[in-house]
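Visitor: Okay, here's the prediction I keep looking at, along with the sequence it came from:
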Amino acid sequence: MGTEMFNIRRGHPDDLVIALAGNPNTGKSTVFNALTGMNQYTGNWAGKTVGSAVGYFRHSTASFTLVDLPGTYSLLSQSPDEQVARDFLCWGQPDATIIVTDATCLERNLNLALQVLEVTPNAVVAVNLLDEAKRKGITVDLNQLADELGVPVVGMAARRGIGLDELKDTVLRLATGHYQPDPQPLTYSPEVEAAVAALLPRVSPLIPNPRMARWVALRLLDGDPSVLDAMERYAPNQHAFGGETTWLPTKSHSAL
Amino acid sequence: MHGKPLTELGIGQTARIEALAATGANRRRLLDLGLVPRTEIEAVRRSPAGDPVAYRIRGAVIALRREEAAQVFVCAD
Amino acid sequence: MASHQESLRALMRELHGDDQTTVRDQIVSDLYTRSAEIASATVTLPDGGRQFAFDRRLDNILTSRWLGYPVMLALLGIVFYMTIAGANVPSALLGDLFGWIEGYLTLFFAWLGTPEWVHGVLVLGLFRGVSWVVAVMLPPMAIFFPIFAILEDFGYLPRVAFNLDRFFKSAGAHGKQALTMTMGFGCNAAGVVACRIIESPRERMLAILTNNFVPCNGRWPTLITLSSLFMAGAVGLASGSLAATLVVVGIVLIGISATLAVSWTLSKTMLRGVPSTFTLELPPYRKPQFGRLLVRSVYDRTRIVLKRAVIVAAPAGVITWILANVYIGELSVIAHVAGFFDPFARLIGLDGYILMAFVLGLPANEIVLPILIMSYLSSGAMTELDDFTALKQLFLDHGWTWVTALCTMLFSLLHYPCGTTMWTIYKETSSVKWTLVAILLPTGIALSACFLVAQAARLFGWG
């Protein structure tokens, strides 16, 4: 299973695995600590939280393993942090993903959010630091954002505990498959789309899942060899990209 | 390259990104920071030591050393 | 399935033949365009860029040409002052507490009727070693690290890197080294771990190797005591903390200079290379979460200090007691070894006992001074002398001059890292070679510096 390859220890064998992604400096660690109560250090400096951390929490009847990915600005830049985040999102098969964003800096943060959604649509976007935003006179229309992105959006001020319950509810619904968002993958400008269209016929036979095939085509255009290296390492049998079965409720996971 | 290098942008001035002279991983990094063409960039302040200079890009403040800023070409709005 | 991989790789190679730069650029550009679209549809910003106002005003001071550096220095002084002054009382209290416990332990062992040496090893060696480390290390760390955490949460630290980057760049190092260096004031092992924030391996190694040149909390007592005794003259108690702070700041500045100098040298020799790219975000200032931070930081630090006390200080205490109380002929082992070291030690302005104390203090810097006092007193167990006059007299009786004090302080500042840091360096670098460099390089520098000072003093007839 995905998590074993990454040396992630689940709390219990049928824990739902949640990935926690986001830019540095978005209060991601605060969300992590608030959910897991684990003793972890929160710093305000971009890039300070390096390396993944894992925590556990329960909600309703379910038990979760939360994987804190390194804070990154993007998944494309080939830095070690970004590769770790990308690899886990693609091949760690999380049952759901939380993308933490900073309400005071949303435009910047959406770059990563859009990239993550290209890889996994089973995500919730947490707009954090709403208290800071309010202080600065910034408002965010969460409903409109959910419309635009095509995934659930939860407003939060994690350091005051605001929004946590709603986040847990949403994560539960996503992870158990009760809610399966289907966000539109980003449409690029004509030249890029043309290049992708030209590539797809040669990529699709190798990668059955259409979303993944498109993503791999884009990465081939990017010229990022580390993607292929990672694929070899984590998905030698290609099932990890296979079909539409990647986001089924817990019961089916044991069949994989 | 059109425009002037970012290093010539005065503190407090704003301009738009024209092009990047960097290649490879450097180019990728600058792009990822948001330095894509037609983005607005403001030179916010200079370090007391003279280098680096902090620029506002898409709402975030990022410090770039002279060598990096020299690879970014901008033109006044 | 292997063939699938091969096909994809072939495809990549094919594409890569052409210049894909424009497509790549366009992909990122499109992502940003879409982000901007969504943001403008969903985010309402206040007029006039009001959201940036506070940060701008504060940065105008903290990174200003005239105020930037003075403010930084002042902040450094304040943090040090709070640590030194704040730790005094708790350290004394802990010392008293442990002394009281020790009294009962002694009674207990007397009651048990065990041989003297059992009491010696377990109580005078192990217990005293552990309690010394805890009493000396815990209070300052429980103050310094939370303050540091607050500054970090607030967002000040990137400004420090912003202000100092130029100097580190000139030394061939990375601007973020300024930050790992400041971590080192608290604990060098923590500073070494912090070097993970430097991505480039060459510059990370520079930061790791030079972290040792700033004195950690464990070395402050040695530096403060010696400087109070020999440098500051007779200083009244009221200004004690202030004078101590000034001394530590002064020594830290020397340490920072050493950091830059060594970085520069290494960049030209063993760690040659080009400065890597440096992009630093200056995040918005945020109100630090005082409560949560303080609790977590104090808890973390306490755990770390206690762990180190048990793992490192306990054995060190035992070994020290044994060496001090096992006699070969008329002299204890320590005295023998000190005698052996003495000629060499004198060359570098120290004496055999001082050098011996540093060697035994390898596991933990904070036990160097108590070991030294113990050796001078031949008391057979780590001791402290609360009375400064008596302490000074003890040193004078053993031939100390201000040159001795200076050389001891220099050696303390520059010598090999403590045991915990050595181990941490090994874990972070996974390299025996570089760990050895991390040990030998500072030691070599310390020996040279002390040698030069000692010989110069001799030459000019000082001290």
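Guide: Received the coordinates, thanks. Numbering: from 1, shown residues only, chains lettered A, B, ... in the order given.

Visitor: The chain: strands as residue ranges?
Guide: In the absence of a named chain, this looks at chain A. A:16-22, A:53-59, A:62-68, A:96-102, A:123-128, A:139-140, A:153-155 (DSSP state E).

Visitor: wait, chain B
Guide: For chain B, strands defined by DSSP E occupy the ranges B:4-5, B:14-20, B:40-46, B:53-57, B:60-64, B:72-76.

Visitor: what do you get for chain C?
Guide: So, for chain C - with DSSP E - the strands run C:43-44, C:279-281, C:327-328, C:331-332.

Visitor: sorry, back to before: possible to save the strands of chain B as TSV with distance to chain C?
Guide: (C-beta placed from N, C-alpha, C; glycine too.) Formatted as TSV, these follow (distance: least, CB to the nearest CB, whole Å):
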stretch	distance to chain C
strand B:4-5	16
strand B:14-20	8
strand B:40-46	6
strand B:53-57	6
strand B:60-64	4
strand B:72-76	12
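
Visitor: So which residue is dead centre in chain A?
Guide: In chain A, the C-alpha nearest the mean C-alpha coordinate belongs to A:Thr97, at 4.0 Å (CA atoms, centre = their mean).

Visitor: need the contact list for that one.
Guide: Each residue near A:Thr97 by CB atoms under 8 Å, 6 or more residues apart in numbering or on different chains is listed here: A:18-21, A:89, A:116, A:120, A:122-124.

Visitor: do that again at 10 Å, thanks
Guide: Residues in contact with A:Thr97 (CB atoms under 10 Å, 6 or more residues apart in numbering or on different chains) are A:17-21, A:67, A:69, A:88-89, A:116-117, A:119-125, A:151, A:171, A:174-175.

Visitor: Please apply the same query to A:Val196.
Guide: Listed by CB under 10 Å, 6+ apart, the contact set of A:Val196 reads A:188, A:203, A:213-215, A:217-218, A:220-221, C:23, C:27.

Visitor: Show me what the residue nearest to the centre of chain A is bridged to.
Guide: Counting by DSSP bridges, A:Thr97 is bridged to A:Ala19, A:Ala123.

Visitor: how close does it sit to chain C?
Guide: Distance from A:Thr97 to chain C, counting by CB to the nearest CB, to the nearest Å: 18 Å.

Visitor: which helix of chain B spans the most residues?
Guide: Longest helix in chain B by number of residues (criterion: DSSP state H): helix B:24-32.

Visitor: Show the average pLDDT along that helix.
Guide: Here helix B:24-32 scores 83 as its mean pLDDT.

Visitor: give the contact list for A:Pro121.
Guide: Counting by CB under 10 Å, 6+ apart, A:Pro121 makes contact with A:97, A:150-151, A:174, A:180-185, A:211, A:246-247.

Visitor: is it true that C:Thr279 touches B:Glu67?
Guide: No: using CB atoms under 10 Å, C:Thr279 is not in contact with B:Glu67, being 11.4 Å away.

Visitor: tell me which parts of the stretch 1-150 of chain C are close to chain B?
Guide: The stretch 1-150 of chain C comes close to chain B at residues C:21, C:24-33, C:35-36, C:39, C:43, C:45, C:49, C:51-52, C:55-56, C:59-60, C:62-69, C:71-72, as judged by CB under 10 Å from any CB of the partner chain.

Visitor: Now the buried members of the residues you listed.
Guide: Among the residues of the stretch 1-150 of chain C next to chain B, those scoring as buried are C:24-33, C:35-36, C:39, C:43, C:45, C:51-52, C:55, C:59, C:62-64, C:68, C:71-72 (criterion: 16 or more other CB atoms under 10 Å in any protein chain shown).

Visitor: and chain A, which of the residues you listed reach it?
Guide: By CB under 10 Å from any CB, the members of those lying near chain A are C:24-33, C:35-36, C:39, C:43, C:45, C:51-52, C:55.

Visitor: quick one: the lowest-mean-pLDDT helix or strand in chain B to strand B:60-64, angle?
Guide: Least confident helix or strand, chain B: helix B:24-32 with a mean of 83, by mean pLDDT, DSSP states H and E. Counting by axes from the mean of the first three to the mean of the last three CA atoms, to 10 degrees, helix B:24-32 lies at 150 degrees to strand B:60-64.

Visitor: Which positions in helix B:24-32 come out as buried?
Guide: Those buried within helix B:24-32 under the rule 16+ other CB under 10 Å are B:26-32.

Visitor: That helix: how far from the chain's middle?
Guide: Distance of helix B:24-32 from the chain centroid (CA atoms, centre = their mean, to the nearest Å) equals 13 Å.

Visitor: can you redo the strands of chain A as CSV with mean pLDDT and distance to C:Gly218?
Guide: Shown next, in CSV, are the strands of chain A (pLDDT from 0 to 100; distance: least, CB to CB, whole Å):
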stretch, mean pLDDT, distance to C:Gly218
strand A:16-22, 92, 36
strand A:53-59, 83, 28
strand A:62-68, 88, 31
strand A:96-102, 95, 37
strand A:123-128, 96, 38
strand A:139-140, 94, 48
strand A:153-155, 96, 45
